[in-house]
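S.K.: need a structure here:
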Amino acid sequence: MNSAKNQNQIYPDSPTPSAPFEEEYELDEPIRSIKDPVDVSGRVLGGAAAAGGIAGLVFAGPVIGVVAGAGAAVVATTHGKAGKVFRKSGEAMAVAGDRLKQIDKKHHVVERTSKGISKSAKKVAKAMRQK
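M.R.: Here you go, the predicted structure:
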């Protein structure tokens, strides 16, 4: 209450405060602010960025896709409904990515697709040379 005494010395007509000033409070834990970022795993953050980027790409083009992906990642680290929605969508994208990896591991989709594209490109190149 030393600060209350100091206040009364500076302003003798002011009433004595009923509670101690801010600096006299001792807190065990820091107060979390809405501005404090939420701890989000890289997997969820990447999923949120991918979801936002894909949505932006589909609706507005590649530049907006990049901006939307970055924005989605930032929003996923915030408190509130929007942050929660983006974290959930990030988790869903991460789960979908895991599932796609399992499918690819079992069926070799990426390998087969790349071989097919390479084979088709060679055929097109050969046909172009013959003309």
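S.K.: how close does M93 get to G46?
M.R.: Separation of M93 from G46 (CB to CB, to the nearest Å): 8 Å. Every residue, glycine included, has its C-beta placed from N, CA and C.
S.K.: Who has more neighbours out of those two?
M.R.: Neighbours were counted for M93 and for G46 using other CB atoms under 10 Å; M93 has more, 21 against 18.
S.K.: excluding its backbone neighbours, what's nearest that one?
M.R.: Computed as CB to CB, 6 or more residues apart in numbering, the closest residue to M93 that is not its neighbour in sequence is G47, at 3.3 Å.
S.K.: Assess the claim that the one you found and F86 are in contact.
M.R.: No: the criterion here is CB atoms under 8 Å, and G47 misses it with F86 at 9.3 Å.
S.K.: Need the phi and psi values for G80.
M.R.: The phi/psi pair for G80 (degrees, to the nearest 10) reads phi 100, psi 180.
S.K.: Ok, V40 next?
M.R.: Dihedral angles (degrees, to the nearest 10) for V40: phi -120, psi 140.
S.K.: what residues are up against it?
M.R.: Under the criterion of CB atoms under 8 Å, 6 or more residues apart in numbering, the neighbours of V40 are A48, A76, T77, R87, G90.
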